[in-house]
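**Q** I'll drop the sequence and a predicted model, then ask my questions.
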Amino acid sequence: ESSLVEVLRDAARSTNLAAWARHKAKTVSGCVCSGFANDYGFGAWCASWEDAYQQPWCYVSDGCKVADESSRGSFGRKYDVCPAGEADSAAGEFGADG
């Protein structure tokens, strides 16, 4: 990939990190969202990322004790679900269509 693509990816992650600072939340297991966002910009904080009816979730550290220890997303990162009251609806805010 070109260096421009890498620069744009880093900029998107920085933008997501700034947004995450406003949206910090805890999961149902009591873990804090890690702030990691995948290449689509999903997962940095508790949100219904892909559609408004989706269970809110976020990526968590590998040390987080979640109910389903096999919970790993398509990017290989551990995630956990969030309480509905702790979540934002981010559907359409990020990603290829956003």
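**A** Received, thanks.
**Q** in the chain, which spans are strands?
**A** Ranges of strands within the chain are 47-48, 57-59, 79-81, 88-89, based on DSSP state E.
**Q** got JSON lines for those strands, with mean neighbour count too?
**A** From N, CA and C alone the C-beta is placed, and that goes for glycine too. Shown next, in JSON lines, are the strands of the chain (neighbours: other C-beta atoms under 10 Å):
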{"stretch": "strand 47-48", "mean neighbour count": "22"}
{"stretch": "strand 57-59", "mean neighbour count": "26"}
{"stretch": "strand 79-81", "mean neighbour count": "22"}
{"stretch": "strand 88-89", "mean neighbour count": "16"}
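**Q** got a markdown table for those strands, with mean pLDDT too?
**A** Supplementary listing: the strands of the chain in a markdown table, determined by pLDDT from 0 to 100:
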| stretch | mean pLDDT |
| --- | --- |
| strand 47-48 | 90 |
| strand 57-59 | 92 |
| strand 79-81 | 92 |
| strand 88-89 | 58 |
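**Q** Residue 6 is nearest to which of those?
**A** Ranking the strands of the chain by proximity to residue 6 (C-beta to C-beta) places strand 57-59 first, at 20.9 Å.
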